[in-house]
Each structure stands twice: as C-alpha cells, then as structure tokens.
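>>> can't give you the sequence, but here's the structure:
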C-alpha cells in the first residue's frame, strides 16, 4: 500500500518534491544524530582520560612508589642502630599511610572481580604482614638481637617477591585502561563524517535539480539547510582533529614521560633498599649460584635499569627545558651515587664497617645524600610532566565540548529549513 502510494506520488512533480523534502530532512537529522552519538562517546572517553583512568594510573604508580620507598626507609632506619632513625621512621610511616590510603581509594573505584581488583586485594592482605615483620625487626634491633636483621630480610623478600610485583601489575592494568580510553577518545568518527558528506551531496543535488527546473539560483530553505550541515561537518572535522592532537600531546609529552619517570623513581628506590640491605646482611644472602652477594647484585641491576629509564626520559623531554633539567640533574646525581657506593663498598670490604655505614647513611657525602637528590629531581620532573599531561588532556576534552548538542540543534534547524525550502517550491503548484 505504502509503496503504491509512493510510486503514484513520484509520477507528479509535487509528489516528487514531497519525497525529496522528506529524504533531505531525514538525512540531515540522521547526520546530526550520528554526530551527537559518536562525539558524545569520544567526549566521555576524553573525560575518562582526564578524570578517571589517568588519576587511577597515577595512584597505582604512587602505591608502587610508596611501598618501594617504605622498604628503603625501613632498611635505612634499621642501619641507624637500636634507636632507629626518627627521620627514616617518619618517612616509613608516611609511606605506609599513603599506600594504605591509595589502596582504599583504588578499591572504591575498582570492581573487585577485575584484574585490578584482584591485585588490590593481594596488596591489602599482604601489607599488614609486611609491616608486622618490620615491627619485629625493630623490636629485636632495639634489644641488640641479630634476629632483627633476619626479620628485615624476610620483610624485604615479601615486599620484593609479593607486594611490589602486585603493585606493578596494578599499575600495568590501570595504564592499559588509560590506553584504551585514549584510543576510544581519538578514534575517527567515520560514520558521522560519511553521513555529513552524503547529506551535503544530496542537498547540492536537490538545489541543482531545483535550478535546472526553475532557473532559480537559490532556494533559501535549501541554502540554509546546506549551511547548517556544512557548519556541523566542519565543526566535527576541526573539533575532533584538535582533540586528537591535544590528546596525542598528552600521551606523548605527558603520560609516556610519566611512565618512564615513575619506573626510574621506583628503580632508584629499589636500588637504595638493596644498597642498605647489603650492609645489613653483610654477605649472609647470596645469589642462586652462591657466588655473589644477592643484595649487591640486585643493587647493580637496579642502577642499570635506572640508567636506561633516565636515558628514555631525557629523549622524551628533549626541547622542554623545564622537563629536561631535572632529568639531567638526576643523571648527574646517579653518577655521584654510584661513585660513592663504590667507595663505601671498598671501605666495607676492607673491614671498616662503621666508616662504610657512615658513607651509606651519613648526613654528608654519603650515598643516602646522593639518593635523596636523585629522588628530589625525579619528583620535580614528575610534577612537571603531570602538569603537561593535565593541560593537554583538558584541552583535548574541551575541543569536543558543545559539539554533540550543537550538532543536534543545527541538524534540526537544517531539517526544518529543508522542508520549508521544498514547501516554498510546492506552493508554486497551487
């Protein structure tokens, strides 16, 4: 029945104009609807990058860093003697408190059934056991009992073998979610672009047909519909291109640098913990082949990894003075740290334990002083890169703002204008 009516209408010019008007209105409305839907999806993903996935990734990195720093601080405090070092104890307590706070926050924002949720559970269950071992180590150390060193080593084994791997897996999972949100926000809206091209093509065809049959150059309604559709298409193409560019900058200049710097800082913290444990264990713990001191070997491995990450960070910060200077400072301080470490090891191997201890945890010209400078430089670099990320990501999110609503409103106006333009042509037959 409907097909028969359409065929009948198509045999007359008024009928054909009505069909053309309906098709034009539907195409313009469809263009606006598809654009609103696709860009809303991209805008949501961009908002997730800024307000959800990147903050969660940063929190996961801070959990990792806090745990590694707590382990280093615990060893430093132990080396200070039976009374412990107030500064090291305070640093350890703050790190444990920060890790616990961030784990609570992460658990509240993560489904327990996900991979991230599983790692958070592992950390929440293992952290009290670790702190218990540290307290036993301190209690025995205060009494001058050698068992304190054994408890400290057990605590380090739990940290290195269980907690830090779980924290690293959590960080990897959250970074993967961030990458997914990046990809979703930057995906080209091909359906919207295609719908816009089709709508404009049909509108141009309708106006050409109108000119051929009436010799009138312009139909105001069709011109208005074409202008509205063209504005939406240009807004879509330019807005999304700007968003893609800003989000790419946020990823390359911000997140990639943050990832490298976070790993560099963690490598330095693990190296510091192993350096301290070398002095605590005094050769009691060997590598699997039984030939070398395990903690000294792990220290060397960590410092090599630190050098590699700092090299990457320097390349990523190339041309950005505010980002490259802290990295250059860290590289210089790492070189000094390694030199002082070699001196301390030579002193310790020579039998002067007290002098070696002072070269490790002393207030002047010690490896601890060099480590603190490395850590300060990396904190400064991380703060700069976080600002760079936030600025670029927020710009990318802002480039999509208003586009879904604007596209829908302009498409509706364009559809109305198309119908009005066709109706004016129809009125000539009455």
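Structure received. In this text the structure is predicted, and so the values were computed from the model without any measurement.
>>> How much space separates residue 209 from residue 28?
Using CB to CB, to the nearest Å, one gets 17 Å for the distance from residue 209 to residue 28. Any C-beta I mention is one placed from the backbone N, CA and C, and that applies to glycine too.
>>> So for those two, which residue has more residues nearby?
Using other CB atoms under 10 Å as the criterion, residue 209 and residue 28 rank with residue 28 on top: 31 against 14.
>>> how much space is there between that one and residue 400?
21 Å.
>>> Residue 238 now?
According to CB to CB, residue 238 and residue 400 sit 11 Å apart.
>>> which one of these two has more residues nearby?
Applying other CB under 10 Å to residue 238 and residue 400 shows that residue 400 carries more neighbours, namely 24 against 12.
>>> Low-confidence ranges, this structure, go.
Residue ranges of the chain with pLDDT under 70: 1-15, 83-84, 214-217, 283, 318-319, 425-430.
>>> Quick check: what element follows the lengthiest helix in it along the chain?
What stands out as the longest helix in the chain, according to DSSP state H, is helix 13-48. Next in sequence after helix 13-48, counting helices and strands by DSSP states H and E, comes helix 54-79.
>>> Which of the helices or strands spans residue 89?
Assigning secondary structure by DSSP H and E places residue 89 in helix 86-108.
>>> residue ranges for the strands of the protein, please.
Ranges of strands within the chain: none, based on DSSP state E.
>>> How about the most centrally placed residue in the chain: what's its closest non-neighbour residue?
Geometric centre of the chain, nearest residue: residue 54, 3.8 Å, by CA atoms, centre = their mean. Spatial nearest neighbour of residue 54, chain neighbours left out: residue 178 (5.5 Å); criterion: CB to CB, 6 or more residues apart in numbering.
>>> can you pull out the helices in the stretch 101-250 of the chain?
All helices of the stretch 101-250 of the chain, identified by DSSP state H, counting those that start in this stretch, fall at 115-142, 147-158, 164-186, 190-214, 220-249.
>>> can I get these in CSV with distance to residue 263?
Formatted as CSV, those follow (distance: least, CB to CB, whole Å):
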stretch, distance to residue 263
helix 115-142, 17
helix 147-158, 20
helix 164-186, 9
helix 190-214, 36
helix 220-249, 21
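>>> residues near the nearest residue to residue 393 once chain neighbours are set aside, how many?
Leaving aside its chain neighbours, residue 393 sits nearest to residue 250 (4.0 Å; criterion: CB to CB, 6+ apart). For residue 250, the neighbour count with other CB under 10 Å is 27.
>>> Could you do the one 5 residues further on as well?
For residue 255, the number of neighbouring residues by other CB under 10 Å comes to 25.
>>> next one: residue 146
By other CB under 10 Å, the residues close to residue 146 number 9.
>>> Just give the closest residue to it, not the sequence neighbours.
Closest residue to residue 146 apart from its sequence neighbours, by CB to CB, 6+ apart: residue 140 at 7.8 Å.
>>> mind checking how far the one you found is from residue 87?
Distance, residue 140 to residue 87, using CB to CB: 21 Å.
>>> okay, these two: which has more neighbours?
Legend: neighbour count by other CB under 10 Å for residue 140 and residue 87, higher for residue 140 (19 against 13).
>>> I'd like the distance between residue 420 and residue 19.
16 Å.
>>> try residue 66
For residue 66, the distance to residue 19 equals 68 Å [CB to CB].
>>> Next, the contact list for residue 334, please.
Neighbouring residues of residue 334 by CB atoms under 8 Å, 6 or more residues apart in numbering: 268, 303, 306-307, 310, 370, 374.
>>> Now residue 269: closest residue in space, sequence neighbours ignored.
For residue 269, ignoring the flanking residues on the chain, the nearest one in space by CB to CB, 6+ apart is residue 68 at 3.8 Å.
>>> Count the neighbours of that neighbour for me.
Residues near residue 68, counting by other CB under 10 Å, number 27.
>>> close enough to count as contact, it and residue 263?
No - Residue 68 is not in contact with residue 263 according to CB atoms under 8 Å; the separation is 10.9 Å.
>>> Residues contacting stretch 103-112, please?
Residues contacting stretch 103-112 (CB under 8 Å, 6+ apart): 52, 56, 59-60, 63, 116-118, 120-121, 123-124, 127, 170.
>>> actually stretch 265-278, not the one I wrote
Residues contacting stretch 265-278 (CB under 8 Å, 6+ apart): 64-65, 68-69, 71-72, 75-76, 78-79, 152-153, 156, 159-160, 164, 285, 293, 295-296, 298-299, 302-303, 305-306, 309, 334, 341, 345, 360-361, 367-368, 371, 374-375, 378-379, 382.
>>> Next: stretch 236-255.
By CB under 8 Å, 6+ apart, the list of residues contacting stretch 236-255 reads 35, 39, 42, 46, 49, 54, 57, 178, 182, 185-186, 188-189, 192-193, 196, 316, 320, 385-386, 388-390, 392-393, 395-397, 399-400, 403, 407.
>>> Whichever of the residues you listed end up buried, select them in ChimeraX.
Command for ChimeraX that selects the buried part of the contacts of stretch 236-255, burial taken from 16 or more other CB atoms under 10 Å:
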select :35,39,42,46,49,54,57,178,182,185,186,189,192,193,196,316,385,386,388,389,392,393,395,396,397,399,400,403,407
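>>> Residue 32 and residue 412 touch, don't they?
Yes - contact criterion CB under 8 Å: residue 32 and residue 412 qualify, at 6.6 Å.
>>> sorry, back to before: list the contacts for the residue nearest to the centre of the chain?
Applying CB under 8 Å, 6+ apart, the residues near residue 54 are 178, 255, 389, 393.
>>> Return the residues in contact with the closest residue to residue 243 other than its chain neighbours.
Leaving aside its chain neighbours, residue 243 sits nearest to residue 399 (4.0 Å; criterion: CB to CB, 6+ apart). For residue 399, the contacting residues are 239-240, 242-243, 246, by CB under 8 Å, 6+ apart.
>>> from memory residue 420 sits against residue 219, does it?
No - the criterion here is CB under 8 Å, and residue 420 misses it with residue 219 at 9.5 Å.
>>> more crowded one of these two?
Taking other CB under 10 Å, residue 420 and residue 219 do not tie; residue 219 has more neighbours (22 against 16).
>>> From residue 87, how far out is the more buried one?
Distance of residue 219 to residue 87, computed by CB to CB: 81 Å.
>>> For burial, what's the neighbour tally of residue 335?
Counted with other CB under 10 Å, residues neighbouring residue 335 total 12.
>>> Kindly report the same for residue 212.
Counted with other CB under 10 Å, the neighbours of residue 212 add up to 8.
>>> dump the residue contacts of it.
With CB under 8 Å, 6+ apart as the criterion, no residue contacts residue 212.
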